[in-house]
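[1] 3D, please:
(one chain, ligands or ions: 1)
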Amino acid sequence: MINKCLFPVAGYGTRFLPSTKAMPKEMLPIVNKPLIQYGVQEAMEAGMRQIAFVTGRSKRAIEDHFDRTYELEDQISGTKAEHNLAEIRHLMQTCTFSYTRQVQMKGLGDAIRTGETLIGNQPFGVVLADDLCLGDDQPVLTQMVNIYRKYQCSIVGIEEVAHEDTEKYGIIAGKALEERLFMVDAMVEKPAASEAPSNLAIIGRYILTPDIFEVLRTLPPGRNGEIQITDALNIQAKNKMVLGYQFKGHRFDCGSLDGFVAATNYFFQRMGSSGNGG
Ligand code: G1P
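    Numbering: from 1, shown residues only. The predicted model follows:
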């Protein structure tokens, strides 16, 4: 249904300095698997097998991760350690990976617009790898593809946040359409609690229709002087339709130290009970 997924990975990860001085924040491991691999796996499970990265300087480790490592693989061939590569090998056999660079950090909207060259004229998923999502019955992107099948419009993953946290997220105003599904009237990027239209926050999962590129091309900078995807979606919501989907599952905000540690503890425990990292 949706074949491509875009991963904006050019950001600096300043909250994790000095770890992210020379290493992409997306390569930080949650136990033994880098954050980015969780996101790519979720995309693959949702049927998105063409993985597109909007990358930047000092992010080459991501490209190397989704490629063969001949010497190492030769060395561990036939040993117990080989088992640790099973998942990434499966990803590499199933998906293709392409890359383009965002030359200047001008915001998430600009990163997504930069990805047009890899996406073209078709609907696509967007995953912000910092948000590590665990779906209840199905992965979160799979849940969103199911909604897309019915409505064929842009969809943002949403969850309720504490009122004092609205300033960290894009926040939607909308009307309930079905259980867990909202028709978006408006959205605001990082409003103060006193100005937030609700406490329904956009999390790092989107399905976008390709007309978003047209909107992004002429969009003026918004919050923090950056091109905001939230502003582009706001225009789409006014011109046609955008949905907010309150996913079933749990999100770890691995862009924060607290969330990163919570995810690490969770996956470490799960590993202990199942004998692998899941
Ligand atoms: C971005 C978006 C924001 C969204 C958030 C989800 O913000 O601009 O609307 O709520 O991702 O993680 P960032 O966290 O990149 O500042």
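
[2] and the residue of the stretch 151-278 of the chain closest to the ligand?
    Gly170 (2.6 Å; CB to the nearest ligand atom). Quick note: C-beta positions are derived from backbone N, CA and C, even for glycine.

[3] list the contacts for that residue?
    Shown in contact with Gly170 (CB atoms under 8 Å, 6 or more residues apart in numbering): 156, 187-190, 201-202, 228-230, 233.

[4] among those residues, which one has the most neighbours?
    Ile229 (31 neighbours; other CB atoms under 10 Å).

[5] among the contacts of Gly170, which lie within strands?
    156, 187-189, 201-202 (DSSP state E).

[6] of these, closest to Ala263?
    Among those, Ala201 lies closest to Ala263 (CB to CB), at 18.0 Å.

[7] so what's that closest one bridging to?
    When bridges are called by DSSP bridges, Ala201 pairs up with Glu159, Ile171.

[8] ranges for the helices of the stretch 1-150 of the chain?
    Counting by DSSP state H, counting those that start in this stretch, the segments of the stretch 1-150 of the chain that form helices are 35-45, 60-65, 70-76, 86-94, 108-114, 116-119, 140-151.

[9] which stretch in those helices has the least confidence?
    Here the helices of the stretch 1-150 of the chain differ in mean pLDDT, and the lowest is helix 70-76 at a mean of 88.

[10] do you know which of the helices of the stretch 1-150 of the chain lies nearest the ligand?
    Comparing these by CB to the nearest ligand atom, helix 108-114 comes nearest, at 4.8 Å.

[11] show me what the closest one is packed against.
    On a contact count with 3 or more CB pairs under 8 Å, 6 or more residues apart in numbering; DSSP states H and E, helix 108-114 meets strand 4-8, strand 50-55, helix 212-217, helix 229-239.

[12] contacts for that helix, please.
    Here helix 108-114 makes contact (CB under 8 Å, 6+ apart) with 6, 8, 10, 54, 100-102, 104, 126, 128, 208, 212-213, 216-217, 219, 222, 226-232.

[13] report the buried members of the residues you listed.
    The neighbour count (16 or more other CB atoms under 10 Å) marks 6, 8, 10, 54, 100, 102, 126, 128, 208, 212-213, 216, 219, 222, 226-232 as buried among these.

[14] buried residues in the helix or strand where Gly174 lies, which are they?
    If you go by DSSP states H and E, Gly174 is part of strand 170-178. For strand 170-178, the neighbour count (16+ other CB under 10 Å) marks 170-174 as buried.

[15] is the ligand within reach of the helix ranked longest in the chain?
    The single longest helix within the chain, with elements called by DSSP state H, is helix 257-274. No - using CB under 6 Å from any ligand atom, we find that helix 257-274 stays clear of the ligand, coming within 10.5 Å at best.

[16] so how many other residues sit close to the closest residue to Leu128 other than its chain neighbours?
    Leaving aside its sequence neighbours, Leu128 sits nearest to Gly204 (CB to CB, 6 or more residues apart in numbering; 2.8 Å). When neighbours are counted by other CB under 10 Å, Gly204 registers 24.

[17] also the one 5 residues further on?
    Close neighbours of Thr209, defined as other CB under 10 Å, add up to 19.

[18] tell me the phi and psi of it?
    Backbone torsions of Thr209, given as degrees, to the nearest 10, read phi -90, psi 150.
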